[in-house]
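Q: Quick one, what's the 3D model for this:
(2 chains)
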There are 2 protein chains.
Amino acid sequence: KLMQKMNDLRTPALVVYKHKVEANCERMLKLAKDHGVTLKPHFKTTKCLEVAIMQTGGTKCGMEVSTLVEADLLAENGFENVIYAYPISPHKTPKCAELSEKMKSFVVFVDNVAALKALEQWKLKDNKNWQVLVEEVVKCGNVTFSGLYSHCGHSYKCKNAEEIKEVGKMATNKMLTLVDELKKQGITCPSYGIGSTPSCSKPAPEMSKLTEWHPGNYVLYDLMQVKIGSCEIDDIASFVLTRVIGHYTKGEDVFLIIDCGWTAISLHGVKDSEETSGYGLIVDHPELKLAHMSQEHGIVKSKDSTKPLDLSRYPVDSFLRIYPYHSCATCAMHPVFYVADQNDNIIDHWRPVKGW
Amino acid sequence: KLMQKMNDLRTPALVVYKHKVEANCERMLKLAKDHGVTLKPHFKTTKCLEVAIMQTGGTKCGMEVSTLVEADLLAENGFENVIYAYPISPHKTPKCAELSEKMKSFVVFVDNVAALKALEQWKLKDNKNWQVLVEEVVKCGNVTFSGLYSHCGHSYKCKNAEEIKEVGKMATNKMLTLVDELKKQGITCPSYGIGSTPSCSKPAPEMSKLTEWHPGNYVLYDLMQVKIGSCEIDDIASFVLTRVIGHYTKGEDVFLIIDCGWTAISLHGVKDSEETSGYGLIVDHPELKLAHMSQEHGIVKSKDSTKPLDLSRYPVDSFLRIYPYHSCATCAMHPVFYVADQNDNIIDHWRPVKGW
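A: Below you'll find the predicted structure:
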């Protein structure tokens, strides 16, 4: 079903390669299966229903969300077993009650007594219990202890697969120690998961001892994940399509203007420096860097300041593709994702849910 | 017309004080009038129809836009005399032709020969001419030279009103010299404007010699503008409403978690340091700074690291208000603006246009 050719898109546009998203989703499902753990993938990166379906392998069962609008979207579309992986506060209790009553299983995460008391005081319909994940164990009236949850955020400081595995191993062992301690106190822990995209992409063997993994960014990956060692550059499934819209020479400064500003790719990234590619990687152009951005345009310079750009190589209206440094942030800037097949046909438009 | 109380909003939420937006719009209209110039306000900050109406004093005439979806929104709602203040490239010619034919006056900005040739080759209906603003003068067949345009971006490096006025004066004099040179060559310049929010908020007397000003950010202002010297802190018309959702003590590190991450306020701002308030100013809490953000939560610390926070002062579910460092960037993160009156009633929801 061809909707348009990629080169007919008005730019800037966020393009997502469907076959790469599918491959990333399938690879992670297989990795989890091979390690004997349940994948509870995180929805926060794309917030597109179509992606959630791929992330669950079509089962629509077991997702994590970071906002209540994500949970609403999944609940309205027949998903079950959704974890609101975010510390709730008392004010969010009524909305979480609605979701707990609507879905077979909606699990909340609690990290403070005020929030826990609010849950205890709010009676769910049909004597249903709140399902609660925690970092430390608690006991309350109408609250079922659902398990332990940890993000494993240290993995974001890694630089290669070996370092990632070491972090994954340590985080797993820490979690298993806690589970053992609980067992000695007579408390069974139904689930205990860690997981970030790095640690689940390059899992330590120990991670098979967990019950759950919950990575999110892996559906698209990005430059940050390449630098950490989670993936290869070709695994990155989204890019900002932009056109050259002008050539400038100001003294010794020679640069391109492109129609991609921070509204299209975000300001996440490594600031301008000679060594880096700046705020994103310009695909197939190792000589270029995205040096600066204003609201609606970007300035592209030569990465090597001793070699000025040959502007004739980049005519006005020619295309550049930019891999985002942080795809979660880039996705947050776009109301529509243009979904492409391997032949650069646009075959679908995905619309992420926005707000809170 | 009360829709809800501010304290009933689910957080994070972008709140806009309508009376402050009105005051900012009226003040800028008066400043321009007092200087005998036409205000052509920029739409890029809020992209909300309701604000464009206020910016034009209800005339719906004379706006600048940074994207074609902004132009579409204005054209569909009866606005006239819209300037697409963005360097167009050939690919955008068809859409610009549609807008030029639809509106009495739609002006484009050209900075390269390829774009100009594309305009020349595209004949508008009814022999209408393209209306073109430039940085340097050009002559073509079906193109009417509409004037000179400059952004005056240097004013963003200022630190007080005197510096702003000096930049405004220099930019004005440079523009007037160019107008004079054209006159000697027999070319009349119908319009010549400069303007950024700093230079128009604190105008140099010379700026009365221009025909147009085109500021944008002034409708909301922000911390950056306060630092530049464009406005007072009480002129800032928007803030992110957030709740405290957790208390943490990790060794000597004592901090609050709030439900405002970079999806709610953006990463624009001054990075964590002892001296600054971080990514935004926490209203009425000079002791706090927004030190760090992840996708959906923020970490609030004591600005003075020698004085640990007294967590009991900030109970879970209590509110904080954060003035953005860059309101254009914060607005770009929100699908809805919650419009408040002086009594903190939410009286309207404004929905910005998104995309390109």
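Q: quick one: buried residues of stretch A:16-30?
A: Residues of stretch A:16-30 classed as buried: A:16, A:17, A:18, A:20, A:21, A:24, A:25, A:28, A:29 (neighbour count, 16 or more other C-beta atoms under 10 Å in any protein chain shown). All C-beta atoms are positioned from the backbone trio N, CA, C, and that covers glycine.
Q: ok, those vs residue B:189, which is closest?
A: Relative to residue B:189, the closest of those is residue A:16; by C-beta to C-beta it sits at 46.1 Å.
Q: what about the helix or strand hosting the closest one and chain B, any contact?
A: According to DSSP states H and E, residue A:16 maps onto strand A:13-17. Yes - residues of strand A:13-17 are located near chain B by C-beta under 8 Å from any C-beta of the partner chain, namely residue A:13.
Q: just so I have it, where are all the strands in the stretch 1-150 of chain A?
A: For the stretch 1-150 of chain A, the strands defined by DSSP state E, counting those that start in this stretch occupy A:4-5, A:13-17, A:38-39, A:61-65, A:80-87, A:106-110, A:130-134, A:143-149.
Q: List the strands paired with the first one, with their directions.
A: Taking DSSP bridges as the criterion, strand A:4-5 sits next to strand A:345-350 (antiparallel) in its sheet.
Q: just to revisit the earlier point, give me the mean pLDDT for the strand holding residue A:16.
A: For strand A:13-17, mean pLDDT is 98.
Q: what's the distance between that strand and the middle of its chain?
A: Taking C-alpha atoms, centre = their mean, to the nearest Å, one finds the center of strand A:13-17 at 15 Å from the center of the full chain.
Q: who does it pair up with?
A: Note on strand A:13-17: by DSSP bridges, its sheet partners are strand A:238-250 (antiparallel), strand A:337-340 (parallel).
Q: In JSON lines: those, plus mean pLDDT and mean neighbour count.
A: Listed next are those as JSON lines, based on pLDDT from 0 to 100; neighbours: other C-beta atoms under 10 Å in any protein chain shown:
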{"stretch": "strand A:238-250", "mean pLDDT": "95", "mean neighbour count": "21"}
{"stretch": "strand A:337-340", "mean pLDDT": "98", "mean neighbour count": "22"}
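Q: Can you pull the residues of the stretch 151-300 of chain A lying near chain B?
A: By C-beta under 8 Å from any C-beta, the residues of the stretch 151-300 of chain A that approach chain B are A:243-247, A:257, A:259, A:262-264, A:266-268, A:295-297.
Q: Out of these, flag the one nearest to residue B:197.
A: Set against residue B:197, the nearest of those by C-beta to C-beta is residue A:295 (12.8 Å).
Q: returning to what we had before: can you lay out the strands paired with strand A:13-17 as a markdown table showing distance to residue B:303?
A: Shown next, in a markdown table, are these (distance: least, C-beta to C-beta, whole Å):
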| stretch | distance to residue B:303 |
| --- | --- |
| strand A:238-250 | 36 |
| strand A:337-340 | 39 |
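Q: wait, which of those strands is closest to residue A:49?
A: strand A:337-340 (11.5 Å).
Q: Residues touching the closest one, excluding its own?
A: Contacts with strand A:337-340, where a contact means C-beta atoms under 8 Å, 6 or more residues apart in numbering or on different chains, come from A:6, A:9, A:13-18, A:46, A:48, A:50, A:238, A:241, A:331, A:346-352.
Q: Could you give me the ChimeraX syntax to select whichever of those residues are buried?
A: Filtering the contacts of strand A:337-340 down to the buried ones (16+ other C-beta under 10 Å) takes a single ChimeraX command:
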select /A:6,9,13,14,15,16,17,18,46,48,50,238,241,331,346,350,352
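Q: Break down the stretch 1-150 of chain A into its helices, ranges please.
A: Taking DSSP state H, counting those that start in this stretch, the helices of the stretch 1-150 of chain A run over residues A:18-34, A:49-55, A:68-76, A:93-102, A:113-121.
Q: which regions of the stretch 101-250 of chain A lie under the pLDDT threshold?
A: Applying pLDDT under 70 to the stretch 101-250 of chain A picks out residues A:136-140.
Q: Thought residue B:316 was touching residue A:90, still the case?
A: Yes - with contacts counted by C-beta atoms under 8 Å, residue A:90 reaches residue B:316, the gap being 6.8 Å.
Q: Those two: who's more crowded?
A: Set residue A:90 next to residue B:316 and count neighbours by other C-beta atoms under 10 Å in any protein chain shown: residue B:316 wins out with 23 against 20.
Q: Any buried residues in stretch A:119-135, and which?
A: A:119, A:130, A:131, A:132, A:133, A:134.
Q: Present these as CSV; the columns should include distance to chain B.
A: Listed next are the buried residues of stretch A:119-135 as CSV, based on distance: C-beta to the nearest C-beta, whole Å:
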residue, distance to chain B
A:119, 13
A:130, 17
A:131, 19
A:132, 15
A:133, 14
A:134, 12
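Q: Can you pull the domain assignment for chain A?
A: Using automatic domain parsing, the domain parsing of chain A gives A:18-220, A:233-349.
Q: how much distance is there from the first one to the middle of the chain?
A: Going back to what we said before, that points to domain A:18-220. Relative to its parent chain, domain A:18-220 has a centroid offset of 14 Å by C-alpha atoms, centre = their mean.
Q: Identify the residues contacting the nearest residue to residue A:220 once chain neighbours are set aside.
A: Once flanking residues are discounted, residue A:220 sits nearest to residue A:327: 4.2 Å by C-beta to C-beta, 6 or more residues apart in numbering or on different chains. By C-beta under 8 Å, 6+ apart, residue A:327 lies in contact with A:45, A:217, A:220, A:221, A:222, A:236, A:238.
Q: Would you work out how far apart the start and end of stretch A:150-167 are?
A: End-to-end span of stretch A:150-167 (C-alpha to C-alpha, to the nearest Å): 13 Å.
Q: Mind listing residues that contact it?
A: By C-beta under 8 Å, 6+ apart, stretch A:150-167 touches A:135, A:168, A:171, A:174-175, A:193-196, A:198-199, A:201-204, A:224, A:227-230.
Q: Nearest to chain B among the contacts of residue A:327?
A: Chain B lies nearest to residue A:45 out of the contacts of residue A:327, by C-beta to the nearest C-beta, at 9.1 Å.
Q: Count the residues that sit near the closest one.
A: 29.
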